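Peer 1: What follows is a predicted structure for the sequence shown.
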Amino acid sequence: MRKVNNVYFDDSLYKEQICLHDITLLSGREHVLLLCSYPETEEFDDCLLTTDGPFRATLEGRHLHLSLPDIPKPLNCTLRISSKTGEFDETYHLHLYPSFSYKDRIGTYVNKGNKDQRITLMEDGNVKIETADLIDSLPQFRLHSKGMDSHSLALILPEGKYIDEEGTEFTLTPYVRFCPDKRALSVSLLLEAYKDWYCDKDYLCGEGDEDGIIGYDTFEWKEEK
């Protein structure tokens, strides 16, 4: 193995759950993380793994296997990966949380910054999104979820479609991610409007630019009285 200047984990599956040297994972399952490097190398043949966490870690080629037991409360631990031939020694901070599913998070969530924006997760998989968009008088969107992605913790949702009386076509693209540390959602709602040759887009909550999402709003669970 030649000298490696940078060692990192691929975030294409885990998205925001992997951030440089901080990795957030749910317990009670096995995770497979893709270890990447620059310059790129096919295998890390002399890597040494050490950890202070209650789990087993093995490296097969470039795939790191982590077998995490169920834990009753959040746990922070470290994973150290080093190689003499690659000349690297990196420490990663793992943030482990008790496992949960979509059904564990059923209920209504309210945007902290805009109380009129709500998302309701229903037991049958239907999701109601109230955008509170007064300019375009959008209706409540009712989409059917395919559950929670176990890697990114994102709620799997289709786009929402709506055509108003003037023939303007609206497309709502929701990105909803479960917060692992509390009963809350990180949310971005992108609205696109089309009519004739006119096209416009805006984020109803969260922030974004031409490259994609750069910020989210927090929706907190509202206890039913």
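Peer 2: On my side now, so go ahead. Numbers count the residues shown, from 1 in each chain.
Peer 1: Can you name the element that comes right after the helix or strand where residue 177 lies?
Peer 2: Per DSSP states H and E, residue 177 falls inside strand 169-178. Using DSSP H and E, the next helix or strand after strand 169-178 towards the C-terminus is strand 184-195.
Peer 1: Test my guess that residue 166 contacts residue 196.
Peer 2: No. In this structure, residue 166 is not within contact of residue 196 by Cβ atoms under 8 Å, at 10.6 Å. Backbone N, C-alpha and C define where each C-beta goes, glycine included.
Peer 1: what about residue 26, distance to residue 175?
Peer 2: Counting by Cβ to Cβ, to the nearest Å, the gap from residue 26 to residue 175 is 19 Å.
Peer 1: same thing with residue 190?
Peer 2: 8 Å.
Peer 1: shared neighbours of these two, anything?
Peer 2: 206, 213 (Cβ atoms under 8 Å, 6 or more residues apart in numbering).
Peer 1: Output the below-cut-off pLDDT ranges for this structure.
Peer 2: Counting by pLDDT under 70, the chain contains low-confidence ranges at 1-2, 42, 225.
Peer 1: can you rerun that using 80?
Peer 2: Along the chain, segments meeting pLDDT under 80 span 1-3, 5, 41-44, 134-135, 210, 223-225.
Peer 1: Report the central residue of it.
Peer 2: Geometric centre of the chain, nearest residue: residue 152, 3.7 Å, by Cα atoms, centre = their mean.
Peer 1: That residue contacts residue 24, doesn't it?
Peer 2: No. Assessed by Cβ under 8 Å, residue 152 is found out of contact with residue 24, at 10.1 Å.
Peer 1: so what's in contact with those two at the same time?
Peer 2: By Cβ under 8 Å, 6+ apart, the residues touching both residue 152 and residue 24 are residue 17.
Peer 1: out of residue 26 and residue 175, which sits in the more crowded spot?
Peer 2: residue 26 (22 against 19; other Cβ atoms under 10 Å).
Peer 1: Look up phi and psi at that one.
Peer 2: phi -90, psi 140 (degrees, to the nearest 10).
Peer 1: Quickly list what it is bridged to.
Peer 2: residue 97 (DSSP bridges).
Peer 1: Now do it against residue 100, distance only.
Peer 2: 7 Å.
Peer 1: how about the host helix or strand of residue 82: buried residues?
Peer 2: Using DSSP H and E, residue 82 sits in strand 75-83. Neighbour-count burial for strand 75-83, counted by 16 or more other Cβ atoms under 10 Å, picks out 75, 79, 81-83.
Peer 1: And for stretch 203-219?
Peer 2: Quick answer for stretch 203-219 (16+ other Cβ under 10 Å): 203-206, 208, 213, 216-219.
Peer 1: try stretch 127-145
Peer 2: Buried residues in stretch 127-145 (16+ other Cβ under 10 Å): 127, 129-131, 133, 136, 138, 141, 143, 145.
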